[in-house]
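A.B. asks: sequence and predicted structure are below.
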Amino acid sequence: MPELVLWDIDHTLMATRGLGRELWAASFERVTGVALREQASVTGSTERVILRETARLHDIPYDEALFTRFADMLGALHVRRAPELRERGHALQGAAAVLAALAERGVRQSVVTGNVRQAAEVKLAVFGLDSYMRLDEGAYGEDGEGRPELLRAALARADVHAEKAVFLGDTPADVAGGREAGVRVVAVATGRTSASDLRDAGADVVLDGLSDTDLALAAIGA
């Protein structure tokens, strides 16, 4: 039984159906004064990296002050448009059931996500998933640039050794980050990456989804 289960958010627990990109573009324009023409790759990345690389594509100087303003704006827009997120997006099939089953077994759960914290909290609350999470033991886009750094931050906050934790994500970056951080990785093929590619990336276990609660719990080790 793991002491801690850490979850990626987007495409692992939920889908925003395009609203996430809309809010990102609106935040970018509001803090830079420049309309978004092109966004850097977002798959498996963090908001800090995405903003820095997107700013470079628009010839906009990047610094920590810009990221702070952007993170604040992105979080505020998620709060403001939470009702729309509830209407357009959805929790992925089986996600709530697996979270509830782990909670019933007394397993601590949190998130490791490239989202800024306020946006992550809104997404989880909108779909009723926040009550299962110890959000202060998670790690967010403000905490670093890559998955290994975020995973180590979450482990430190939870005071759990890597070998006692499991991380669930949907991208090769999640898998690589988990392996580098020394945690067991259960990959879920509910995003843009196929199950075979997640296996090739080195995931310990690959699931097609979370709809089979017993299968998911067995993969997690609970």
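C.D. replies: Alright, I've got the coordinates.

A.B. asks: OK, contacts around residue 201?
C.D. replies: 172, 175, 176, 187, 193 (Cβ atoms under 8 Å, 6 or more residues apart in numbering). In short, each C-beta sits where N, CA and C put it, glycine included.

A.B. asks: rerun that using 6 Å as the cut-off
C.D. replies: When contacts are counted by Cβ atoms under 6 Å, 6 or more residues apart in numbering, residue 201 is found next to 172, 175.

A.B. asks: tell me what the nearest residue to residue 20 once chain neighbours are set aside is bridged to.
C.D. replies: Taking Cβ to Cβ, 6 or more residues apart in numbering, and ignoring the residues beside it in sequence, residue 20 has residue 10 as its nearest neighbour in space, at 6.9 Å. Using DSSP bridges, the beta-bridge partners of residue 10 come out as residue 14.

A.B. asks: quick one: end-to-end distance for stretch 24-43.
C.D. replies: Chord length of stretch 24-43, first to last residue, is 14 Å (Cα to Cα, to the nearest Å).

A.B. asks: scratch that, stretch 29-46 is what I was asking about
C.D. replies: The first and final residues of stretch 29-46 sit 19 Å from each other (Cα to Cα).

A.B. asks: same deal with stretch 39-52?
C.D. replies: Looking at stretch 39-52, the gap from its leading to its trailing residue is 10 Å under the measure Cα to Cα.

A.B. asks: list the contacts of that stretch.
C.D. replies: Stretch 39-52 is contacted from outside by 53, 54, 62, 67, 70, 114, 116, 141, 145, 171, 173, 174, using Cβ under 6 Å, 6+ apart.

A.B. asks: and residue 215, which helix or strand is it part of?
C.D. replies: Using DSSP states H and E, the element containing residue 215 is helix 213-220.

A.B. asks: what is the burial count for the residue nearest to residue 20?
C.D. replies: Residue 10 has 22 neighbours, counted by other Cβ atoms under 10 Å.

A.B. asks: picking that back up, quick one: mean pLDDT for the helix holding residue 215?
C.D. replies: For helix 213-220, mean pLDDT rounds to 98.

A.B. asks: other SSEs contacting that helix?
C.D. replies: Helix 213-220 makes packing contacts with helix 95-104 when contacts are defined by 3 or more Cβ pairs under 6 Å, 6 or more residues apart in numbering; DSSP states H and E.

A.B. asks: list the buried residues of the helix it packs on.
C.D. replies: Within helix 95-104, the residues scored as buried using 16 or more other Cβ atoms under 10 Å are 95, 96, 97, 98, 99, 101, 102.

A.B. asks: pull the CA atoms of that helix into PDB?
C.D. replies: As requested, the backbone C-alpha atoms of helix 95-104 are provided in PDB (Å, rounded to 0.1, in the frame of the first residue of the first chain):
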ATOM      1  CA  ALA A  95     -11.700   9.300 -11.700                       C
ATOM      2  CA  ALA A  96     -13.900  10.200  -8.700                       C
ATOM      3  CA  ALA A  97     -14.500   6.600  -7.900                       C
ATOM      4  CA  VAL A  98     -10.800   5.800  -7.800                       C
ATOM      5  CA  LEU A  99     -10.100   8.800  -5.600                       C
ATOM      6  CA  ALA A 100     -12.900   7.900  -3.300                       C
ATOM      7  CA  ALA A 101     -11.700   4.300  -3.000                       C
ATOM      8  CA  LEU A 102      -8.200   5.300  -2.100                       C
ATOM      9  CA  ALA A 103      -9.500   7.800   0.500                       C
ATOM     10  CA  GLU A 104     -11.600   5.000   2.000                       C
END
